[in-house]
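Undergrad: below: sequence and its predicted model.
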Amino acid sequence: MFRVTLITADPVLTDAVGPPLARAGLEFVTLAAFDETTEPDPAAAPDVLCLDLRGARPPHRSPFQEPWSRAFALGVVTPEQVPALDPALGLDDFITAPLYPPEFVARVQQILWRHGRSAAGKTLAAGDLVMDLTTYQVFEGGHPVTLTYKEYELLRFLMTHAGTVYSREQLLNRVWGYNYYGGSRTVDVHVRRLRSKLERGGQVYIETVRNVGYRFGQPLR
């Protein structure tokens, strides 16, 4: 499981992003501050380190040191801070406040996706299909399959809930987010693309349930 550590003194921010991060399968840790007295715990090294930079002075000592030097960085800033952001901070991405929690989670996931973070984790496997949740790689019949980010997220959601039928609207809400305004055809298009990439050998992974929606039809092993 990937660990996300948020450094902030704002409990409202903590309460806003903690639950959706947990629902996304991410471990969430908060620190009220990081200064010269803070000793990074090697066992608590994060995969993504989120820094609340709103109205804050940079810490006297960088949190991006051993044993946390491999963490990727997401900054929380005000719109007024954006033009003056110092590249030396080493942020991989930033988000402006007031923030939308699902967007915050999406940015964390995008950082992990872009960098293909490899860590001790787990895989999902069914038939000849294997999904590595730590490297964001998918293999079918031993061959790598190239997926877009949303194709990967849709497949991951369906495999994680194998056997459960979801309507198109439910999949839109769970994978694309409640603020997505596209139509349900988006789900059909992505399912069709997944099938074209995964089911070339005649295997059936994603089943259509007439007048209801879709489900991942093979049991996980």
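TA: Structure received. Numbers count the residues shown, from 1 in each chain.

Undergrad: so what's the most centrally placed residue in the chain closest to, chain neighbours aside?
TA: Centroid-nearest residue in the chain, with C-alpha atoms, centre = their mean: residue 109, separated by 2.4 Å. Leaving aside its chain neighbours, residue 109 sits nearest to residue 24 (6.8 Å; criterion: C-beta to C-beta, 6 or more residues apart in numbering). C-beta here means a position set from N, CA and C on the backbone, and glycine is covered the same way.

Undergrad: packing partners of the helix or strand containing residue 151?
TA: For residue 151, the element it lies in under DSSP states H and E is helix 149-160. Using 3 or more C-beta pairs under 8 Å, 6 or more residues apart in numbering; DSSP states H and E, the elements in contact with helix 149-160 are helix 101-115, strand 123-126, strand 129-132, helix 185-198, strand 213-216.

Undergrad: ok, which of the ones you listed comes nearest residue 160?
TA: For residue 160, the closest of the helices and strands packed on helix 149-160 is strand 123-126, at 6.8 Å, according to C-beta to C-beta.

Undergrad: report the buried residues of the closest one.
TA: 124, 126 (16 or more other C-beta atoms under 10 Å).

Undergrad: partners of it, with directions?
TA: strand 129-132 (antiparallel) (DSSP bridges).

Undergrad: return the next helix or strand after the partner strand as CSV; C-alpha atoms alone will do.
TA: Sequence-wise, the next helix or strand downstream of strand 129-132 (DSSP H and E) is strand 137-140. Output of strand 137-140 as CSV, limited to C-alpha atoms (Å, rounded to 0.1, in the frame of the first residue of the first chain):
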residue,chain,number,x,y,z
GLN,A,137,1.7,-2.5,-15.0
VAL,A,138,-0.7,-4.9,-16.6
PHE,A,139,0.2,-8.3,-18.2
GLU,A,140,-2.1,-10.6,-20.2
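
Undergrad: next SSE after strand 137-140?
TA: Moving toward the C-terminus from strand 137-140, the next helix or strand (DSSP H and E) is strand 143-145.

Undergrad: list the buried ones in that next one?
TA: Within strand 143-145, the residues that count as buried by 16+ other C-beta under 10 Å are residue 145.

Undergrad: ok, now stretch 74-92?
TA: 74, 75, 76, 77, 81, 91, 92.

Undergrad: what's the most distant pair in the residues you listed?
TA: Of all pairs drawn from the buried residues of stretch 74-92, the greatest distance, 16.5 Å, lies between 81 and 92 (C-beta to C-beta).

Undergrad: measure residue 90 to residue 31 for me?
TA: According to C-beta to C-beta, to the nearest Å, residue 90 stands 18 Å off from residue 31.

Undergrad: ugh, wrong one, I meant residue 93
TA: Distance of residue 93 to residue 31, given as C-beta to C-beta: 19 Å.

Undergrad: again, but for residue 71
TA: Per C-beta to C-beta, residue 71 is found 12 Å from residue 31.

Undergrad: okay, and the common contacts of the two?
TA: Common neighbours of residue 71 and residue 31 (criterion: C-beta atoms under 8 Å, 6 or more residues apart in numbering): residue 5.

Undergrad: between those two, who's got more neighbours?
TA: It is residue 71, of residue 71 and residue 31, that has more neighbours when counted by other C-beta atoms under 10 Å, with 21 against 16.

Undergrad: thanks a lot, catch you later.
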